[in-house]
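[1] got a predicted structure plus its sequence, pasted below:
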Amino acid sequence: MLKLLLRIFVVLGIPALVGVACFLFLRSYFFTPFIEESDKVYLVELAPGSSFRAFCDQLESKGIIRSAWMLDFISQVKKSDTKIKAGEYQLSPAMSPQDILSKLSKGEVFKRIVTVKEGMDLWQIAKALEESQILKGADFLQSVQDRALLDRLEVTAPSLEGYLFPETYHFSGKQTALSVIWIMVEQFYKKWKPVYDQRLIELNLSKHEIITLASIIEKESGNKSEQALVSSVFHNRLRSGMKLESDPTLVYGLQNFNGVVLNKHKETESPYNTYKNFGLPPGPIANPGQTAIHAALYPEDSEFLFFVANGKGGHKFSTNLREHNDAVRDYRNILSQAKQATQVAVEEIEAATKPIDPLVPTESPKVADNLEASESPATN
């Protein structure tokens, strides 16, 4: 009887124990993270054409997985090694080998995101790309001014300013300046509707001229509902032989610009200065969005020749210089009142929070002077 039981154990028990041992072994290697409580995340690259085993070795050396050999073996058993996609992946020791294989097989690559906002210029885009660690800003700026690329795209301006469509872009893996630029330009042409070409003929303007005008409209008005009206002012000025006199053109390309356009900028010697030069500047001053491009092509029907900010987020439009000068004076009064109110508020806060010495008499708040004429904001 004992021998029978021993035989049964040999036949059934040992295989069962082996099976349990194998299960526990595979469970620890496949279903269990290497370090369950780890909060570390690594960015690792599976380069195109490289072997998966070399990638597994990289994961083991970084401490992401327990065994490179086992992960490679399991991927072959599951036949997932043929589905794995190249790219950069965010992986952690807190992920099980099963989770890692699933992520690799689905191609859930790490993507760097950059948002090109409407009205951003080349330098701002370059900075955003570098901050997102997509590529060096200097490489981008060099490529957007490459004459061979400009000629290939039939752009006569000094750069691709205006043709880098505002959008949120997701880039995976290493990128070259050319690949990034090409994606942005490709998006621009996707947004350029076929009907626009017929409209160019009607307006007797080139695509480049329209994009240049659209960039000025974009910079002049953050209020999209006004863009067609702003466009009408510039179209009317062009037809009348007047200078465009657009403030944003005064500071295009200026280094260390603090964001405030002043009257002294009108004296800047630049082909982009529309206070000194007639017609459109040689190229766009920013990258316009869809609404600004549409507004440049389809201006509202108006007789307006001037506009200035109204202090309420919009603009006051005028048909003659007298009305415009009145609107400019009203706007400057608003700015002056706002400055005075701000200064008084600051001084009141300082007075309320500053300890008062009972032996020293307090002074009444001093009202700020008006804006100096030489430093007053420029107006259209």
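    Happy to help now that I have it.

[2] and Ile113, what helix or strand is that in?
    strand 111-115 (DSSP states H and E).

[3] now do that strand: which elements does it pack against?
    helix 122-131, strand 168-172 (3 or more CB pairs under 8 Å, 6 or more residues apart in numbering; DSSP states H and E). C-beta: built from backbone N, CA, C; applies to glycine.

[4] and it, average pLDDT?
    What strand 111-115 shows for mean pLDDT is 94.

[5] can you list the buried residues in it?
    Across strand 111-115, burial judged by 16 or more other CB atoms under 10 Å covers Arg112, Val114.

[6] returning to what we had before: deepest in the core, which of the helices and strands packed on strand 111-115 is it.
    helix 122-131 (a mean of 18; mean count of other CB atoms under 10 Å).

[7] one step back: what's the spacing between the strand holding Ile113 and its chain's center?
    Centroid separation for strand 111-115 versus its chain: 8 Å, with CA atoms, centre = their mean, to the nearest Å.

[8] contacts for it, please.
    With contact meaning CB atoms under 8 Å, 6 or more residues apart in numbering, strand 111-115 is reached by Ala128, Leu129, Ser132, Gln133, Ile134, Glu167, Thr168, Tyr169, His170, Phe171, Ser172.

[9] what's the answer for stretch 44-61, then?
    Against stretch 44-61 from outside (CB under 8 Å, 6+ apart): 62, 64-69, 71-72, 75, 81, 84-89, 91, 100, 104, 173-174.

[10] so for Asn310, which of the helices and strands packed on strand 111-115 sits nearest?
    Closest to Asn310 of the helices and strands packed on strand 111-115, according to CB to CB: helix 122-131, at 26.8 Å.

[11] which neighbouring elements make contact with that closest one?
    Packing contacts for helix 122-131, counted by 3+ CB pairs under 8 Å, 6+ apart, involve strand 111-115, helix 137-143.

[12] output the shortest one as CSV, restricted to C-alpha atoms.
    In this case it means strand 111-115. Taking only C-alpha atoms (Å, rounded to 0.1, in the frame of the first residue of the first chain), the coordinates of strand 111-115 have been written out as CSV:
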residue,chain,number,x,y,z
LYS,A,111,4.7,61.8,-26.9
ARG,A,112,6.1,65.3,-26.4
ILE,A,113,3.4,67.9,-26.8
VAL,A,114,3.9,71.5,-28.0
THR,A,115,1.1,74.0,-28.6
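
[13] what lines up beside that strand in the sheet?
    strand 168-172 (antiparallel) (DSSP bridges).

[14] now the strand it pairs with against helix 122-131, angle please.
    40 degrees (axes from the mean of the first three to the mean of the last three CA atoms, to 10 degrees).

[15] please work out the average pLDDT along stretch 58-73.
    pLDDT averaged over stretch 58-73 gives 88.

[16] stretch 91-98 too?
    90.

[17] now do that stretch: everything it contacts.
    29-42, 44, 59, 63-66, 70-71, 74, 100, 103.

[18] swap the cut-off to 6 Å and go again
    30-35, 38, 41-42, 44, 63-65, 71, 100 (CB atoms under 6 Å, 6 or more residues apart in numbering).

[19] again with stretch 316-334
    Glu303, Phe304, Phe306, Phe307, Val308, Ala309, Asn310, Gly311, Thr379.

[20] pull the CA atoms of that stretch into PDB?
    Taking Å, rounded to 0.1, in the frame of the first residue of the first chain, the C-alpha atoms of stretch 316-334 are listed here in PDB:
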ATOM      1  CA  LYS A 316     -13.400 101.700 -31.900                       C
ATOM      2  CA  PHE A 317     -13.600 102.000 -35.700                       C
ATOM      3  CA  SER A 318     -13.600 105.300 -37.500                       C
ATOM      4  CA  THR A 319     -14.000 106.500 -41.100                       C
ATOM      5  CA  ASN A 320     -12.000 109.700 -40.700                       C
ATOM      6  CA  LEU A 321      -9.100 111.100 -38.800                       C
ATOM      7  CA  ARG A 322     -11.100 113.400 -36.600                       C
ATOM      8  CA  GLU A 323     -13.200 110.600 -35.200                       C
ATOM      9  CA  HIS A 324     -10.100 108.500 -34.800                       C
ATOM     10  CA  ASN A 325      -8.300 111.200 -32.900                       C
ATOM     11  CA  ASP A 326     -11.200 111.500 -30.500                       C
ATOM     12  CA  ALA A 327     -11.200 107.700 -30.000                       C
ATOM     13  CA  VAL A 328      -7.400 107.800 -29.400                       C
ATOM     14  CA  ARG A 329      -7.900 110.500 -26.700                       C
ATOM     15  CA  ASP A 330     -10.600 108.500 -25.000                       C
ATOM     16  CA  TYR A 331      -8.400 105.400 -25.000                       C
ATOM     17  CA  ARG A 332      -5.500 107.300 -23.500                       C
ATOM     18  CA  ASN A 333      -7.800 108.800 -20.800                       C
ATOM     19  CA  ILE A 334      -8.800 105.200 -19.900                       C
END
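
[21] from the chain's centroid, how far away is it?
    The answer for stretch 316-334 is 35 Å, by CA atoms, centre = their mean.

[22] quick one: buried residues of it?
    Per 16+ other CB under 10 Å, stretch 316-334 contains these buried residues: Lys316, Phe317, Ser318, His324, Ala327, Val328, Tyr331, Arg332.

[23] and which of those is nearest to Gly289?
    Distances from Gly289 to the buried residues of stretch 316-334, taken by CB to CB, are shortest for Phe317, at 21.8 Å.

[24] can you pull the phi/psi pair for that closest one?
    phi -100, psi 140 (degrees, to the nearest 10).

[25] burial check on Asp197, number of neighbours?
    Using other CB atoms under 10 Å, Asp197 has 10 other residues around it.

[26] do you know the pLDDT at it?
    Listed pLDDT for Asp197 reads 97.

[27] from Ile293, how far off is it?
    13 Å (CB to CB, to the nearest Å).
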